[in-house]
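Colleague: Turn this into a model:
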Amino acid sequence: MEARRLPIGELVYGRERVLFAVMLLVSLLLYGGLVTLALSDPSTGGVFLFYGVLLAFGGFVAHAFALGRIRGNGVLVTEGQFPFLQQMVNAHARQLGLTYSPTVYVLESGGILNAFATKLLGRKFVIVNADILALAVRRGQEALSFVVGHELGHHWRGHLRWRWLIAPARFVPYLGPAYSRACEYTCDRVGAFCAPDGAIDGLLVLAAGSWLHRHVNAQEFAKQADSDRGFWIRRAELVSSHPRLPKRVGALLALGVPSAAPEPLPASDASA
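Modeller: So this is what the prediction gives:
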């Protein structure tokens, strides 16, 4: 049976819009305060402005160097290099109504099963870690399809486009991480829209790894969001850019995204 596809009108997580508005308001107030300070006390305001510009420029250069290393050492995905991945990206971009397909690189990352979206001066990129691509080659492409859709969601929603505008609010304790977590919920929905059959598996891969994820009961894993709520667990999430994985799985299950029954472990493993 084909998995239910989320309607495109339901993809944006509600709190994302609210938190973006708060981030924008806080940032404009901070920018306005800096301008007011510069006008009322040019010497002090000038110092703050100088260091602010220097910090922004330093961040840009560091990001450019990091992306340069990735592009210099990663494998550029094309119609002749990992063509199925290029076709997957193109298909998801069309589904989302994007007029472009981000440039994709595959990068060895020491076994980390993940991917990320980034941009530089208008160019959009998706970096896919080699081990999650290897998982798709060995066990099927649905989980990878979800991960790619998730990363395209960041470009679709413009999460990277407005970073400079809301940058000051990221220094407000808890606010920046809360907005980032809301964006991740949105992108999980985008990934499920693009690849409903691979959505739950795509998240379980991040929790249990490249082969054990097929033995994880998604419903039981989602229950951990309620059963594991200790003080330090909650504090850790409040300062994290991503929601806890059980909560992400539970959020998709609540939207009707299907999960496969867990595969039984081999007898030798189950009795160990």
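Colleague: pLDDT below threshold where in this protein?
Modeller: 1-5, 45, 48, 111, 267-272 (pLDDT under 70).
Colleague: Skipping its backbone neighbours, what lies nearest residue 202 in space?
Modeller: Excluding the flanking residues, the one nearest residue 202 by Cβ to Cβ, 6 or more residues apart in numbering is residue 146, at 3.3 Å. In this view, the C-beta of every residue, glycine as well, is placed from N, C-alpha and C.
Colleague: Now stretch 146-158 - C-alpha only, PDB.
Modeller: Taking Å, rounded to 0.1, in the frame of the first residue of the first chain, the C-alpha atoms of stretch 146-158 are listed here in PDB:
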ATOM      1  CA  PHE A 146      13.700  11.300   3.200                       C
ATOM      2  CA  VAL A 147      17.000  12.800   4.300                       C
ATOM      3  CA  VAL A 148      17.500  14.500   1.000                       C
ATOM      4  CA  GLY A 149      13.900  15.900   1.100                       C
ATOM      5  CA  HIS A 150      14.500  17.100   4.600                       C
ATOM      6  CA  GLU A 151      17.600  19.100   3.500                       C
ATOM      7  CA  LEU A 152      15.800  20.500   0.500                       C
ATOM      8  CA  GLY A 153      13.200  21.700   2.900                       C
ATOM      9  CA  HIS A 154      15.700  24.100   4.400                       C
ATOM     10  CA  HIS A 155      16.200  25.700   0.900                       C
ATOM     11  CA  TRP A 156      12.400  25.500   0.200                       C
ATOM     12  CA  ARG A 157      11.600  27.500   3.300                       C
ATOM     13  CA  GLY A 158      14.500  29.900   3.000                       C
END
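Colleague: The residue nearest to residue 202 touches residue 205, doesn't it?
Modeller: No: the criterion here is Cβ atoms under 8 Å, and residue 146 misses it with residue 205 at 9.1 Å.
Colleague: neighbour count winner among those two?
Modeller: Remark: of residue 146 and residue 205, residue 146 carries more neighbours, 29 against 26, as counted by other Cβ atoms under 10 Å.
Colleague: dump the residue contacts of residue 233.
Modeller: By Cβ atoms under 8 Å, 6 or more residues apart in numbering, the contact list for residue 233 reads residue 244.
Colleague: any idea which element it lies in?
Modeller: Element membership for residue 233 (DSSP states H and E) is helix 231-238.
Colleague: Do you have the helices of this protein handy? List them.
Modeller: Using DSSP state H, the helices of the chain run over residues 14-40, 42-73, 83-95, 130-139, 142-157, 163-166, 175-194, 199-208, 218-227, 231-238, 245-254, 267-270.
Colleague: gap between the first one and the chain center?
Modeller: Distance of helix 14-40 from the chain centroid (Cα atoms, centre = their mean, to the nearest Å) equals 24 Å.
Colleague: got it, and the fifth one?
Modeller: Between the mean C-alpha location of helix 142-157 and the chain-wide mean there is a distance of 8 Å, by Cα atoms, centre = their mean.
Colleague: what do you get for the longest one?
Modeller: When distances are taken as Cα atoms, centre = their mean, helix 42-73 is centred 23 Å away from the chain's centroid.
Colleague: Summarise which helices and strands it is packed against.
Modeller: The helices and strands touching helix 42-73, judged by 3 or more Cβ pairs under 8 Å, 6 or more residues apart in numbering; DSSP states H and E, are helix 14-40, strand 103-107, strand 115-120.
Colleague: do the same with the first one
Modeller: The contact analysis (3+ Cβ pairs under 8 Å, 6+ apart) places helix 14-40 against helix 42-73, helix 163-166, helix 175-194.
Colleague: Adding distance to residue 224 and mean neighbour count, write those out as TSV.
Modeller: Listed next are the helices and strands packed on helix 14-40 as TSV, based on distance: least, Cβ to Cβ, whole Å; neighbours: other Cβ atoms under 10 Å:
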stretch	distance to residue 224	mean neighbour count
helix 42-73	33	12
helix 163-166	32	14
helix 175-194	17	23
